[in-house]
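J.: Any chance you could fold what I've pasted below:
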Amino acid sequence: MTVADLDSRLGSAELTEWMAFEKITGPLGRRRHDIQAATIAATIANANRGKGSKRFTPQDFLLPYGTERKGPQEMLAAIRGINRSMGGDEHVRRDS
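T.: As a prediction, this is how the structure comes out:
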């Protein structure tokens with residue numbers, strides 16, 4: 001459904017009700033799924049972290065919205081940083 005379709009089908013009263021519902025129950029749709037996935041990721045990371053290391057929260061695994069998209073090298077650098085922060089080693093695969 002497009003924004004125009006939604007605008008033609010959803011009145012301001014119903015939109016207000018949905019906004020109130022979301023305030024009570026938490027985010028709906030994609031953002032809620034991100035929070036659920038982040039909660040699972042934090043649980044797994046905490047179950048596998050070393051003794052005395054930092055405890056992870058779901059916020060550590062949430063994707064930021066509204067920021068500029070990163071290129072492949074920036075994403076790889078971010079992944080390497082997360083791996084290092086969790087005490088991981090990088091194994092470089094060399095094809096012969």
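
J.: and the longest helix for the chain?
T.: Ranked by number of residues, the top helix in the chain under DSSP state H is helix 30-47.

J.: how about that helix: buried residues?
T.: Buried residues in helix 30-47, counted by 16 or more other Cβ atoms under 10 Å: 34-35, 38, 42, 45. For the C-beta atoms, the positions are set from N, CA and C on the backbone; glycine is no exception.

J.: Find the residue at the geometric middle of the protein.
T.: Nearest residue to the geometric centre of the chain (Cα atoms, centre = their mean): residue 62, 2.8 Å.

J.: Spatially nearest residue to it, not counting backbone neighbours?
T.: residue 38 (4.8 Å; Cβ to Cβ, 6 or more residues apart in numbering).

J.: Contacts for the longest helix of the chain, please.
T.: Outside helix 30-47, the residues that touch it by Cβ atoms under 8 Å, 6 or more residues apart in numbering are 26-27, 55-63, 65, 86.
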